[in-house]
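Enquirer: requesting a structural model of the entry that follows:
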Amino acid sequence: MTRAQELLSELKLEAAVTRNYLQKVPFNRLDYKPNEKSETLGRLAVHVAEIIAWWKDVLTTNALDFINFKPKEFETNTQLLAYFDELLLEATNVLTEAKDEDFEKEWQMKHGDTIYFTLSKKQSLRLFCMNHLVHHRAQLGVYLRLLNIAIPATYGPSADDENILLIDKF
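Expert: Numbers count the residues shown, from 1 in each chain. Sure thing, here's the model as predicted:
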């Protein structure tokens, strides 16, 4: 199995779990913040969705510059999920075409002249894309719990959802 195939399998699993979380976002509570230092629920939900776009960015560019970044806003959960699905399709298409040697090239995240990090594309996908997604999805789960919204099963059943996502179906 190639590195791309391994990552694609993992991405599909995490994306399925993430989509379950995004489906639960209450669009009548987008301004909710559990703490004054927290992002709003709406911004966090979009961030969780948009992280999937970074897979394509890492594999097709040498850097991602946030200097002109403007976060998207959505009015409905259907729009948010469509955005997520579109980004996931792009990411899976790029991963399908990736060669093992592509993962060894350097990649940067920056904001104008400020370079936040330079890592191999392999490390960037793991740390910046995958781990970052899991981290913010967990935050989204906390927001949902505080709003008394059922938490989807993740790596096993949750207190609200007895379903177990079967890893072997990917």
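
Enquirer: let me know the outermost residue of the protein.
Expert: Asp113 (25.5 Å; C-alpha atoms, centre = their mean).

Enquirer: list phi and psi for that one.
Expert: phi -80, psi -10 (degrees, to the nearest 10).

Enquirer: the one 10 residues further on too?
Expert: Torsion angles at Gln123 (phi, psi; degrees, to the nearest 10) stand at phi -70, psi -40.

Enquirer: residue numbering should commence at 54 henceforth.
Expert: Sounds good: first residue 54 from here, last item Gln176.

Enquirer: and the nearest residue to Val70 once chain neighbours are set aside, how many neighbours?
Expert: Counting by C-beta to C-beta, 6 or more residues apart in numbering, the nearest residue to Val70 once its immediate chain neighbours are dropped is Thr207, at 5.5 Å. Backbone N, C-alpha and C define where each C-beta goes, glycine included. By the measure other C-beta atoms under 10 Å, the count of residues near Thr207 is 19.

Enquirer: can I assume Thr207 sits in a helix?
Expert: No: using DSSP: H, G, I helix; E, B strand; the rest coil, the assignment for Thr207 is coil, not a helix.

Enquirer: what about the helices in this protein?
Expert: Under the criterion DSSP state H, the chain contains helices at 56-76, 94-103, 106-113, 130-150, 174-176, 185-199.
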